[in-house]
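Colleague: What follows is a predicted structure for the sequence shown.
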2 protein chains.
Amino acid sequence: MTRSTRERIIDESLRLFAERGYAATSVAEIEAASGLSPGAGGLYRHFKSKYEVLAAAMNEHAARTRVQIAETLAEFGVVDTSSGIEERLAHLCRAGLAKVSEERELTRVFFRDLSQFPELVATVREGLLQPMFDAITTWFHAQPEYAGVEADWHAIGAVLGGAVVHYRLFQETVGEPPGRAERDRFVSAWVRLALGLLPHPAVQPVV
Amino acid sequence: MTRSTRERIIDESLRLFAERGYAATSVAEIEAASGLSPGAGGLYRHFKSKYEVLAAAMNEHAARTRVQIAETLAEFGVVDTSSGIEERLAHLCRAGLAKVSEERELTRVFFRDLSQFPELVATVREGLLQPMFDAITTWFHAQPEYAGVEADWHAIGAVLGGAVVHYRLFQETVGEPPGRAERDRFVSAWVRLALGLLPHPAVQPVV
DNA sequence: TCCGCGGGAAAGTGTTTACTTATGCGGAAG
DNA sequence: CTTCCGCATAAGTAAACACTTTCCCGCGGA
């Protein structure tokens, strides 16, 4: 128990909210998962209400993620021209899948319960989803191959980023990926679609 | 009140489950919305439990949708070669968006609460999501332009179909579309990515 | 007119919920 | 050793919950 009780409450509540949903998770369950005696109300030493726990979890995780995405984006700023565009695209797609996976609890709570709390929607969107879409847009701008390509990059980001987010959401709900396409097949298809934006696409691999 | 009480309960409960979530919707609220006296337990004349209401709503709506998608697919089977491939793709994308929109309540409940009820996940996936992905795959197979294109169509369907589903989910949660891309821009980007699969893409419109 | 009956209302049941109040403990400071 | 004090627990409260039991009204058939 190195983490403070407050931190444990935030992390465990986020886990439970993602797993069972906000309304279906009782304060007693959060307390038990955080190492407090269930039903004794020890949670209220740290938060005014159950809602405050949700708000704190959203705010703190979203803020942290926002910084991480900015860092990841900085890495992508340095274009690694040593590898081909195809490899770089696959790398981007896998990075997106990994990020959504890493923050799967935040993503899940977002789509599951957050529409009831519009003030929290904004923080998570600006901390996780929007940065992800923006990252895709920025990334394409940074690639020399796409320099001359005219496109509505925000809309392209909405399609390609949305596909990634959906892939993970679907997989977590159903237990298997959409279209029964395993990760590598999904990445290949994603890359192939992105390659199609180039005026003279390179030879594409037969899958 | 032309519809039977049972039908009203199913429709109103689905609406409320999509809006507030399953756990956050009380039986009394469903009764009130269905024209019964709230809290009086009149719902139990028609269903054994709150869960049975959810199961019935999922099963009946999924079954209905499944038939509708089959019909829509049959229409698409007759390829309308009078319009260009670009127009046909836009039509497909808009049809997908419309279908997800039409069944937005089913979709929302699916991603919101259904992972807790694995036995219901199967029916909705097979009734709504999988048919949608399959429809995309089948559609591409039917288009002469894509006849010679080698691709992992299931994975392509997972990307393109997932983007459509995510677009609506995001819009309903946030209130505005992802990447702030309005519907027409989204459709254009989607069409453009799909066009890129063709070996020698036609001249693409500058957005 | 009488009966049967499908289906809705009244009024409850026990349980679970979020949240409160008062008590107790262990360790650091004086 | 004593005095705090931060923090957890014990033991609640009132409300909301899913669900039950009982009654009753209206209607169709004989």
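Modeller: That came in fine, so what should we check first? Numbers count the residues shown, from 1 in each chain, chains lettered A, B, ... in the order given.
Colleague: buried ones in the lengthiest helix in chain A?
Modeller: Using DSSP state H, we find that the single longest helix of chain A is helix A:50-77. Across helix A:50-77, burial judged by 16 or more other C-beta atoms under 10 Å in any protein chain shown covers A:50, A:53-58, A:60-62, A:65-66, A:68-69, A:72-73, A:76. No exception for glycine: its C-beta is placed from N, CA and C like everyone else's.
Colleague: now swap in stretch A:143-155 and tell me
Modeller: Judged by neighbour count using 16+ other C-beta under 10 Å, the buried positions of stretch A:143-155 are A:143, A:145-146, A:151-155.
Colleague: Tell me who's in contact with the residue at the greatest distance from the centre of chain A.
Modeller: The centre of chain A is farthest from one residue, residue A:40, which by C-alpha atoms, centre = their mean lies 34.3 Å away. Residue A:40 is in contact with residue A:31, counting by C-beta atoms under 8 Å, 6 or more residues apart in numbering or on different chains.
Colleague: Next: residue A:39.
Modeller: Counting by C-beta under 8 Å, 6+ apart, residue A:39 touches A:27-28, A:31.
Colleague: Just give the nearest non-adjacent residue to the spatially most central residue of chain A, would you?
Modeller: The structure's chain A has its C-alpha centroid closest to residue A:100; by C-alpha atoms, centre = their mean the separation is 2.9 Å. Nearest residue to residue A:100, sequence neighbours excluded (C-beta to C-beta, 6 or more residues apart in numbering or on different chains): residue A:168, at 4.6 Å.
Colleague: Give me the helices and strands touching the helix or strand harbouring the one you found, please.
Modeller: Assignment of secondary structure by DSSP states H and E places residue A:168 within helix A:153-174. Applying 3 or more C-beta pairs under 8 Å, 6 or more residues apart in numbering or on different chains; DSSP states H and E, one finds that helix A:153-174 makes contact with helix A:85-102, helix A:104-113, helix A:130-142, helix A:183-195, helix B:104-113, helix B:153-174, helix B:183-195.
Colleague: low pLDDT regions in chain A?
Modeller: Flagging of chain A using pLDDT under 70 yields the residue ranges A:1-2, A:77, A:200-207.
Colleague: same thing but 80
Modeller: Applying pLDDT under 80 to chain A flags residues A:1-2, A:73-81, A:200-207.
Colleague: Taking chain A, what residue is nearest to chain B?
Modeller: Closest approach between chain A and chain B, counting by C-beta to the nearest C-beta: residue A:196, at 1.6 Å.
Colleague: check contacts around the nearest residue to that residue once chain neighbours are set aside.
Modeller: Leaving aside its chain neighbours, residue A:196 sits nearest to residue B:196 (1.6 Å; criterion: C-beta to C-beta, 6+ apart). With contacts defined as C-beta under 8 Å, 6+ apart, the neighbours of residue B:196 are A:193, A:195-198, A:201.
Colleague: State the distance from residue B:196 to DNA strand C.
Modeller: As for residue B:196, its distance to DNA strand C is 49 Å (criterion: C-beta to the nearest atom of the strand, to the nearest Å).
Colleague: now residue A:83
Modeller: 50 Å.
Colleague: Return the residues of chain A in contact with DNA strand C.
Modeller: Within chain A, the residues that sit near DNA strand C (C-beta under 7 Å from any atom of the strand) are A:25-28, A:39-41, A:44, A:48-51.
Colleague: Can you tell me which of the residues you listed is nearest residue B:107?
Modeller: Relative to residue B:107, the closest of the residues of chain A next to DNA strand C is residue A:25; by C-beta to C-beta it sits at 23.1 Å.
Colleague: element containing the residue lying closest to residue A:58 once chain neighbours are set aside, please.
Modeller: Of all residues not flanking residue A:58 in the chain, residue A:120 sits nearest, at 4.8 Å (C-beta to C-beta, 6+ apart). Using DSSP H and E, residue A:120 sits within helix A:118-124.
Colleague: Report the buried residues of that helix.
Modeller: Under 16+ other C-beta under 10 Å, the buried positions of helix A:118-124 are A:120-124.
Colleague: unless I'm mixing things up, residue A:137 is touching residue A:152, no?
Modeller: No - in this structure, residue A:137 is not within contact of residue A:152 by C-beta atoms under 8 Å, at 9.9 Å.
Colleague: does DNA strand D sit close to the longest helix of chain A?
Modeller: No - residues of helix A:50-77 are not located near DNA strand D by C-beta under 7 Å from any atom of the strand, the shortest gap being 13.3 Å.
Colleague: elements contacting that helix?
Modeller: Helices and strands touching helix A:50-77, by 3+ C-beta pairs under 8 Å, 6+ apart, are helix A:5-20, helix A:27-33, helix A:85-102, helix A:104-113, helix A:118-124, helix A:130-142.
Colleague: Out of the ones you listed, which gets nearest to residue A:161?
Modeller: Proximity to residue A:161 (C-beta to C-beta) singles out helix A:130-142 among these, at 4.5 Å.
Colleague: for that closest one, the distance to its chain's centre please.
Modeller: In terms of C-alpha atoms, centre = their mean, to the nearest Å, the centre of helix A:130-142 is found 14 Å from the chain centre.
Colleague: What lies in contact with it?
Modeller: Against helix A:130-142 from outside (C-beta under 8 Å, 6+ apart): A:65-66, A:69-70, A:72-73, A:76-77, A:79, A:92, A:96, A:99-100, A:146, A:149, A:153-154, A:156-158, A:160-161, A:164-165, B:178-179.
Colleague: Return the set of buried residues in it.
Modeller: A:130-137, A:139-140.
Colleague: For whichever residue of chain A sits closest to DNA strand C, give me phi and psi.
Modeller: Going by C-beta to the nearest atom of the strand, DNA strand C is nearest to residue A:41 of chain A, at 2.5 Å. For residue A:41, the backbone dihedrals (degrees, to the nearest 10) come out as phi 80, psi 20.
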